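Asks: requesting a structural model of the entry that follows:
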Amino acid sequence: MMQNLFNPNITCTDPDNLQFCLKISDREFWYCEPNIYNEKCMPDSDASEVELFERYKSNPKKLLQDAQTDEEVKALVNNRQLWLTASSEMNDFTQAEQIELLDDYGYKWDDFKSDVERNQIICENFSEQNPMDFRNDI
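Replies: Okay, here's the model as predicted:
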């Protein structure tokens, strides 16, 4: 699914952390961000991956652009173990869970202009609260 990063509809929901989101449908969203639990991504690691992630923080467009031409960046982007990735679907959550996920981040149900916007935030909050469910390296 790392090819999702190159989908023209991908958005970066948190540039400082290189968190990406791809809307699969009005009720399903794919999330991707660096796997900070992988030893190659930990801040005290001497691995080149840490340096690359640091270089591109706050500049996700440049990361994806360079991944097209720079083999080292391409390898980083395509290494699933270095990313937390998964899809979340609204059918996975009860109404109560949806409200709780919104409330955890200070949102109310009626704070959104559309159901799609609300659904995206619910799925994003779930991914942020459950990073171990999104690991590809264990």
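
Asks: what confidence value was assigned to the nearest residue to Gln129 once chain neighbours are set aside?
Replies: Computed as CB to CB, 6 or more residues apart in numbering, the closest residue to Gln129 that is not its neighbour in sequence is Asp104, at 7.0 Å. Any C-beta I mention is one placed from the backbone N, CA and C, and that applies to glycine too. On the pLDDT scale, Asp104 is placed at 96.

Asks: isn't Asp104 up against Glu128?
Replies: No. Counting by CB atoms under 8 Å, Asp104 does not reach Glu128; the two are 9.2 Å apart.

Asks: quick one: which of the two has more around it?
Replies: Applying other CB atoms under 10 Å to Asp104 and Glu128 shows that Glu128 carries more neighbours, namely 19 against 12.

Asks: the more buried one: which element?
Replies: helix 115-129 (DSSP states H and E).

Asks: next: Gln68.
Replies: Going by DSSP H and E, Gln68 is not in any helix or strand.

Asks: can you map out the strands along the protein?
Replies: 11-14, 19-23, 28-34, 83-89 (DSSP state E).

Asks: in CSV: the ones you listed, plus mean neighbour count.
Replies: Output for these, formatted as CSV (neighbours: other CB atoms under 10 Å):
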stretch, mean neighbour count
strand 11-14, 16
strand 19-23, 20
strand 28-34, 22
strand 83-89, 21
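
Asks: cheers, nothing more for now.
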